[in-house]
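In: Curious how this folds, go ahead:
(one chain, ligands or ions: 1)
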Amino acid sequence: MEAVPFDKRSGKIWINGQAVNWPDVKIHLLSHGLHYASCVFEGERVYDGQIFKLEEHTERLFHSASRMGFKIPYTQELLNKATKDIVAIQKIKNGYVRPIAWRGSEMMAISAQQTKINVAIAAWEWGPYYDINKGIRLNISKWKRPAPDTIPCDTKASGLYMICTLSKHEAESKGYTDSMMLDYQGNIAEATGANVFFKNKSGELHTPVPDCFLDGITRRCIIDIAKSKGIKIVERKIKPEEMSDFVGCFLTGTAAEVTPVSQIDKYKFSVCDVIKDLSKSYQALVRKKTAA
Ligand SMILES: Cc1ncc(COP(=O)(O)O)c(C=O)c1O
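Out: I've put the predicted structure just below:
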């Protein structure tokens, strides 16, 4: 059965202070955010009716907006409450939340100083993004993560996702599930919507330094979980050819959770017990923390 398109779903979306009927939420064609990517967003997961790390995500939304040169016209507290309200109105048990902020239609040119900042929050039931029980296959993208002085790379700004969609589509057209993106210097960076970790033969976890891509909230959780288990974490620059030295690999992200990787290009990995155990601990954390 075909999924219902996102503009045809039912319920409410919070937009600019009000919960509006889902199909009636429209923006004008001449919105600055649409033409010039003056837009930032978040991706949050709901577990057992509670939003995991809501405050951290809202804080990052504000950080992204500030890096993009605009101010969200609400407090973080108000947006946190609005997010909880919309999850309750939508009766989401296990799902996804998409807060978004963008420049409006008051100006239609590069300069957008007088545009109004719009904010919306939508939520829907959603399951796993990948199969988290067996390893997924990735190619290596021909598109590179840009240098930190070319774009605000530590944000979830919409413009940054252009190369992610290009990479993901190319990977899918070749039969892969996702794509590993290198950075502008040729080091391993991240997948199209998730951070990456590798396990070496001594049981250490190696992960790229997030100096030109998102330092994911899930990435930081996994580092904490791994350290609490006595696993050594090494954050460093990793060259693609070094992947031959690693025995395991996994992705982390709000959507990806902890997803084992079985192959990146010609490099093969096994879904080792350490990865399965981290995945189990992450699943326990997201549900335990939110159950209170
Ligand atoms: C490009 C990219 N990298 C990494 C991540 C992982 O971030 P987080 O764990 O905060 O969801 C995401 C998801 O938000 C992403 O879109």
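
In: Residues of this protein that sit close to the ligand?
Out: 43, 164, 190, 193-195, 214, 216-219, 252-254 (C-beta under 6 Å from any ligand atom). (Each C-beta comes from the backbone N, C-alpha and C, glycine too.)

In: and the residues you listed as JSON lines, adding neighbour count, secondary structure and pLDDT?
Out: JSON lines is the format used below for those (neighbours: other C-beta atoms under 10 Å; DSSP: H, G, I helix; E, B strand; the rest coil; pLDDT from 0 to 100):
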{"residue": "Gly43", "neighbour count": "16", "secondary structure": "coil", "pLDDT": "98"}
{"residue": "Cys164", "neighbour count": "19", "secondary structure": "helix", "pLDDT": "98"}
{"residue": "Glu190", "neighbour count": "27", "secondary structure": "strand", "pLDDT": "98"}
{"residue": "Gly193", "neighbour count": "20", "secondary structure": "coil", "pLDDT": "98"}
{"residue": "Ala194", "neighbour count": "24", "secondary structure": "coil", "pLDDT": "98"}
{"residue": "Asn195", "neighbour count": "25", "secondary structure": "strand", "pLDDT": "98"}
{"residue": "Leu214", "neighbour count": "21", "secondary structure": "coil", "pLDDT": "97"}
{"residue": "Gly216", "neighbour count": "20", "secondary structure": "coil", "pLDDT": "98"}
{"residue": "Ile217", "neighbour count": "21", "secondary structure": "helix", "pLDDT": "98"}
{"residue": "Thr218", "neighbour count": "22", "secondary structure": "helix", "pLDDT": "98"}
{"residue": "Arg219", "neighbour count": "22", "secondary structure": "helix", "pLDDT": "98"}
{"residue": "Thr252", "neighbour count": "26", "secondary structure": "strand", "pLDDT": "98"}
{"residue": "Gly253", "neighbour count": "24", "secondary structure": "strand", "pLDDT": "98"}
{"residue": "Thr254", "neighbour count": "21", "secondary structure": "coil", "pLDDT": "98"}
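
In: what two of the residues you listed are the furthest from one another?
Out: Farthest pair in the residues of the chain next to the ligand (C-beta to C-beta) is Cys164 and Ile217. Separation: 17.4 Å.

In: partners of Ala120 in the sheet?
Out: Beta-bridge partners for Ala120, by DSSP bridges, are Ile15, Ile100.

In: Now do the phi/psi pair for Asn94.
Out: The phi/psi pair for Asn94 (degrees, to the nearest 10) reads phi -130, psi 110.

In: Tell me the pLDDT of it.
Out: Looking at Asn94, its pLDDT stands at 97.

In: ditto for Tyr267
Out: Taking Tyr267 on its own, its pLDDT is 98.

In: For it, give its distance to Phe198.
Out: 10 Å (C-beta to C-beta, to the nearest Å).

In: what about the two, which has more around it?
Out: The neighbour comparison of Tyr267 against Phe198 (other C-beta atoms under 10 Å) goes to Phe198, with 24 against 20.
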